[in-house]
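Participant: Just to be clear, the model below is a prediction. Sequence and coordinates:
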Amino acid sequence: MSLHDEIRQLAAARKAVILAHNYTRGDVQDVADYTGDSLELARKAATVDADVIVFCGVYFMAETAAILNPGKTVLIPEPSAGCPMADMITGEQVRELKAKHPGAKAVCYVNSTAEVKAECDMCVTSGNAERVMKTFPADQEILFVPDQHLGGHIANLLGRTYTLWPGYCPTHQIITVRGIDEARARHPGAPVLVHPECAKDVRQAADHALSTGGMCAFARETDATEIIVGTETGILHRLRKENPEKTFYPVTERMVCPNMKKTTLDNLFDCLRGLKTVVTVPEPIATRARAAVEAMLAI
Ligand code: 13P
Ligand code: SF4
């Protein structure tokens, strides 16, 4: 039996659902029950009917699933799969920031630790940030952590000014305006999609800044037959699988998130067999973080 089939058999025996982020390896996406962006996977994690959730992605994503499912077992195949951006701010630093800005609302990107979410009034993902941030009055002071680029992008879209924490994604810093210009020269007429985690000049040089789920929807709906993609290259697997008649070009093959690649079929199999590593979030952090995530899911 193939490793893929053994994993499916074990998942059924364990009553487990396998969730995979769009950036994971292609063979991991293929064995998963659901593949999606952070918002789609958080929604799925909140509603799935399973005893065990195996999260193939990075740690904060599994932690979010654990926050939303206090009664379920949440597993991560490789617990060292972290997100450097999420680690660019601590709960203590959010408390200090709030103390300097009394009256401000603290908003965290979902790419943050449970400890940081617990200090925030609201959570957003790249897929819903504009919609969620619109619900705040225009004159509400906002502290946005940890991603300066997503925060700056939404502030620009809404014509508002936020206090931005200087966090960033190292993978999305690899892409440059020059890289986009060269990709356009290679594929004239192809629309360029980038992730809102890219720097401002890169977002301005692109045609659309979209979450990975937004890119999948764009690819489905557009009449364009060639599309240039400026995000982690793992998404190309899903885009090509869902749109075999279209051609997708990465701006650069170097846009790889090493942590997203840590989940393999081998460690996924071991995870299901040994039911490890279990992801837990201690109380009262979990309850406070859940309030910020549920406030987001309610919008
Ligand atoms: P998405 O929610 O758009 O999938 O983004 C997650 C992420 O980590 C981007 O780097
Ligand atoms: Fe974090 Fe960037 Fe990797 Fe996304 S791509 S998980 S933001 S390091």
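Facilitator: Sure, I can see it. Computed from a predicted structure; not experimentally measured. Ligands and ions are numbered 1, 2, ... in the order given.
Participant: Distance across stretch 42-61, terminal residue to terminal residue?
Facilitator: With CA to CA, to the nearest Å as the measure, stretch 42-61 spans 8 Å from end to end.
Participant: Now look at it and say if it contacts ligand 1.
Facilitator: No: judged by CB under 6 Å from any ligand atom, stretch 42-61 stays clear of ligand 1, getting no closer than 6.9 Å. Heads up, the C-betas are built off the backbone N, CA and C, glycines and all.
Participant: Enumerate the positions of that stretch that are buried.
Facilitator: 42-45, 48, 50, 52-61 (16 or more other CB atoms under 10 Å).
Participant: for ligand 2, what are the nearby residues on the stretch 101-250 of the chain?
Facilitator: 111, 169, 170, 171, 172, 197, 232.
Participant: try it again with 8 Å
Facilitator: Applying CB under 8 Å from any ligand atom, we find that the stretch 101-250 of the chain lies next to ligand 2 at 111, 147, 169, 170, 171, 172, 197, 231, 232.
Participant: Can you flag the buried ones in the residues you listed?
Facilitator: Of these, these count as buried by 16+ other CB under 10 Å: 111, 147, 169, 171, 172, 197, 231, 232.
Participant: Following element in sequence after the lowest-mean-pLDDT helix or strand in the chain, please.
Facilitator: In the chain, no helix or strand scores lower on mean pLDDT, DSSP states H and E than helix 38-47, which sits at a mean of 90. The helix or strand immediately downstream of helix 38-47 is strand 52-56, counting by DSSP states H and E.
Participant: That following strand vs ligand 2: in contact?
Facilitator: No: counting by CB under 8 Å from any ligand atom, ligand 2 is not contacted by strand 52-56; separation bottoms out at 12.3 Å.
Participant: Summarise which helices and strands that strand is packed against.
Facilitator: Counting contacts by 3 or more CB pairs under 8 Å, 6 or more residues apart in numbering; DSSP states H and E, strand 52-56 is packed against strand 16-21, helix 38-47, helix 59-68, strand 73-75, helix 265-274.
Participant: Partner strands of the helix or strand hosting residue 248 and their direction?
Facilitator: Per DSSP H and E: residue 248 is located in strand 247-250. Using DSSP bridges, strand 247-250 pairs in its sheet with strand 226-230 (parallel).
Participant: Pull out the buried residues from whatever helix or strand comes next after the partner strand.
Facilitator: Counting by DSSP H and E, the next helix or strand C-terminal to strand 226-230 is helix 235-242. By neighbour count on 16+ other CB under 10 Å, the buried set for helix 235-242 is 235, 236, 237, 238, 239.
Participant: do stretch 190-204 as well
Facilitator: For stretch 190-204, a neighbour-count test (16+ other CB under 10 Å) marks 190, 191, 192, 193, 194, 195, 196, 197, 198, 199, 202, 203 as buried.
Participant: quick one: is it near ligand 1?
Facilitator: Yes: with CB under 8 Å from any ligand atom as the criterion, ligand 1 is reached by stretch 190-204 at 195, 196, 197.
Participant: residues contacting the nearest residue to residue 87 once chain neighbours are set aside?
Facilitator: Leaving out its chain neighbours, the residue that sits closest to residue 87 by CB to CB, 6 or more residues apart in numbering is residue 113, at 7.2 Å. Taking CB atoms under 8 Å, 6 or more residues apart in numbering, we find residue 113 in contact with 60, 63, 86, 87, 90, 91.
Participant: give me that answer again for 10 Å
Facilitator: Each residue near residue 113 by CB atoms under 10 Å, 6 or more residues apart in numbering is listed here: 59-60, 63, 82-83, 86-87, 89-91, 119, 146, 281, 285, 289.
Participant: Which ones among those lie within helices?
Facilitator: When these are checked against helices (DSSP state H), the matches are 59, 60, 63, 91, 285, 289.
Participant: Need the max-distance pair from those.
Facilitator: By the measure CB to CB, 59 and 91 form the most distant pair in those, at 15.4 Å.
Participant: what's the nearest residue to the residue nearest the centre of the chain if we skip its chain neighbours?
Facilitator: Centroid-nearest residue in the chain: residue 38, 3.9 Å away (criterion: CA atoms, centre = their mean). Leaving aside its chain neighbours, residue 38 sits nearest to residue 125 (4.4 Å; criterion: CB to CB, 6+ apart).
Participant: what do you get for residue 150?
Facilitator: Computed as CB to CB, 6+ apart, the closest residue to residue 150 that is not its neighbour in sequence is residue 196, at 4.7 Å.
Participant: what does residue 189 give?
Facilitator: Using CB to CB, 6+ apart, the closest residue to residue 189 is residue 226 (7.3 Å).
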